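> Sharing a model prediction with you, sequence too.
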Amino acid sequence: MKKFELDDLVRDAKKDAPDVDWKTVDEKLFARLEKEPTPLAPREEIRGGGRVVWIGAALSLAAAAAALVFVHPSRESVDTHVETAAMESGHGALALGDRIDVTQDVAYFDSPGKVRWSAPRGSVLRVEHASSPLVLSLEHGAAEAQVTPVPSGEAFAIDVTASSGAVVRVAVHGTHLRVARDGDNVTIDLTEGVVSIGAPPRRGSTIGTLVTAPAHVELDARDLAAIRVDHEPSSVRPAESLTPSQAEVQTALLSPSPIVHETTDTAHEPLRPQLALTQPKSHAGTNATTVSPEPQWLTTPDEMAAALSECGRDALAPHETFSTSLALTVRDDGTIDRGRFTPPLLPEARDCADSVIYRRTKLATPGAVTVPVRIVAR
Amino acid sequence: MTEESDLIARAAKGETAAFRALYQRHRNDVARLVYRMLNGSADVDDVVQEVFVQVFRSLKDFRGQSKFSTWVHRVGVNVVLMHRRAARSRPTYTEELPPEHTADEGGVLPDEDAERRARVRVFAALLDKLAEKKRTVFILHEIEGISPQEIATIVGAPVLTVRTRLFYARRELEELMESEPALAAVRGTFSRNDKEDEP
């Protein structure tokens, strides 16, 4: 072979073209598409028919199938408005396309065992994805959340759409965070756990900048490259309680009626919070950090290896085994600063591994640690 | 509303003719991308088909915040990566170049085109040794000619990260070429934009 530059190789590769049997591809493709269900209406249409929920200052306890809504008490300013086209009967559960407009004080939401979140007065959010994971689009204001870790995937996410149309997703595996926006300027305060900040994926997990707590993050939603992360604890806004006080809850329970007005299509069920049907557990004196169960720390490489060996097992074909080595940099407090798998971990195992590494581990020895990992098909 | 956005809107509502028009506009670009990312594997036809099935299913989620072609590329990259992951979960790792990828150093290739194809295979084998993320951005930028900004949208990473991956991809390629005796003759350096793309 004659001597040539690597540029020549690239040039050759550019010239190399696929030889596709388009006739066959066309036939097979459109035969498959014929069997596909008709796509749902575009997102904008769904939104147009969605509910708009303005939450006023009064306390409402919305005990629904999946969500509780708490709003601070102030009876005279009740203004929860429901405009519904497709409402889940009798439930206050959030649905795709719901718009949440917090007009006064603080609104609290709770999906028991999954996520508890709040939004202060002036915040406007829209539900982008209602089932797990709950994805909210933050249009204005802020949202603070305590998210229970999930073994794989993302438990919760907040999207911020910039004026340019770019979308930034803050994806949460299990953490306490607050996301606020002022126009295109976004600030994220992370008091626990880890989040991934990037563009929303079409599927799967958000691939982006992984940020571990404590962290104060500032970014311009139009340009993710301009992200600034400050791990100085004093820079991080302290976590706020995500539960109303016991007094507030009791006030709500004494309220004579649900704080909901149905203003449109009466053929549909309104968002009708059902007071005291599901009593909140005693929230008095609790703070946000008590919502998420304290993890049982993995303290040795062997324990880590055992936990990691459970990640991605379902992604392997029967009888297959995947072996890799995890090189860790352990902070002085035993938490993990960074980790690298060689060879790279199965993509299907990454979320689970992130959770093990960054949320469940406190090793006794700081510095460099190597953990051999072996994943065996289930 | 442009002609393409009209087609997208109609296709998103399930209009097959509109989707077919979109498919015909973009299928060659998708096929080229898939072919390059799959190292010319025989699965190209199937993967191209899968890309467009995914495009069809996801059209309702296209927000128009990027060019449609960028979005299709993103779907394509994801489908290819899934395909490669599935293939990788079967234990076929090897540090050696497959026989057909080992260039004939004796210079007995029948003609120039065969020699070029051999070089492409060698290069593909080299690329395959890069980590997936670096390999993806390298192919998108160096071979497909897509800007780092657009790649950032496709792979869902900051532009700076894309540039960093490009930088390390090039560096690792050079190292790989150096450590591969059969490829010593083709070792070279990228002449353009190296400084610009340093992290």
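Yep, it's here. Keep in mind the model is a prediction, meaning the values are calculated, not measured.
> low-scoring stretches of the stretch 1-150 of chain A, by residue?
Counting by pLDDT under 70, the ranges of the stretch 1-150 of chain A that qualify are A:1-6, A:37-95, A:97, A:104, A:131.
> Show me where it has its strands.
Along the stretch 1-150 of chain A, the segments classed as strands by DSSP state E, counting those that start in this stretch run A:52-55, A:68-71, A:81-83, A:99-102, A:106-111, A:115-120, A:124-129, A:134-147.
> Reformat those strands into JSON lines and put distance to chain B next to each item.
In this view, the C-beta of every residue, glycine as well, is placed from N, C-alpha and C. Compiled in JSON lines, the strands of the stretch 1-150 of chain A are given as follows (distance: least, CB to the nearest CB, whole Å):
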{"stretch": "strand A:52-55", "distance to chain B": "20"}
{"stretch": "strand A:68-71", "distance to chain B": "27"}
{"stretch": "strand A:81-83", "distance to chain B": "23"}
{"stretch": "strand A:99-102", "distance to chain B": "17"}
{"stretch": "strand A:106-111", "distance to chain B": "23"}
{"stretch": "strand A:115-120", "distance to chain B": "22"}
{"stretch": "strand A:124-129", "distance to chain B": "10"}
{"stretch": "strand A:134-147", "distance to chain B": "11"}
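> Save those as JSON lines, and put in mean neighbour count too.
Converted to JSON lines, those look like this (neighbours: other CB atoms under 10 Å in any protein chain shown):
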{"stretch": "strand A:52-55", "mean neighbour count": "22"}
{"stretch": "strand A:68-71", "mean neighbour count": "25"}
{"stretch": "strand A:81-83", "mean neighbour count": "20"}
{"stretch": "strand A:99-102", "mean neighbour count": "22"}
{"stretch": "strand A:106-111", "mean neighbour count": "25"}
{"stretch": "strand A:115-120", "mean neighbour count": "24"}
{"stretch": "strand A:124-129", "mean neighbour count": "20"}
{"stretch": "strand A:134-147", "mean neighbour count": "23"}
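> Let me have those strands in JSON lines, extended by distance to B:V44.
JSON lines is the format used below for the strands of the stretch 1-150 of chain A (distance: least, CB to CB, whole Å):
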{"stretch": "strand A:52-55", "distance to B:V44": "47"}
{"stretch": "strand A:68-71", "distance to B:V44": "51"}
{"stretch": "strand A:81-83", "distance to B:V44": "49"}
{"stretch": "strand A:99-102", "distance to B:V44": "44"}
{"stretch": "strand A:106-111", "distance to B:V44": "43"}
{"stretch": "strand A:115-120", "distance to B:V44": "42"}
{"stretch": "strand A:124-129", "distance to B:V44": "33"}
{"stretch": "strand A:134-147", "distance to B:V44": "34"}
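> Give me the residue at the spatial middle of chain B.
B:M37 (3.6 Å; CA atoms, centre = their mean).
> Contact partners for the closest residue to that one other than its chain neighbours?
Using CB to CB, 6 or more residues apart in numbering or on different chains and skipping the chain neighbours, the partner closest in space to B:M37 is B:V80 (4.4 Å). Neighbouring residues of B:V80 by CB atoms under 8 Å, 6 or more residues apart in numbering or on different chains: B:33-34, B:37-38, B:47, B:51.
> for A:G312, same thing?
A:322, A:345-346, A:348-350, A:352-353, A:375.
> name the element B:L126 belongs to?
For B:L126, the element it lies in under DSSP states H and E is helix B:112-127.
> hang on, B:R63 in a helix?
No - assignment of B:R63 by DSSP: H, G, I helix; E, B strand; the rest coil gives coil, placing it outside any helix.
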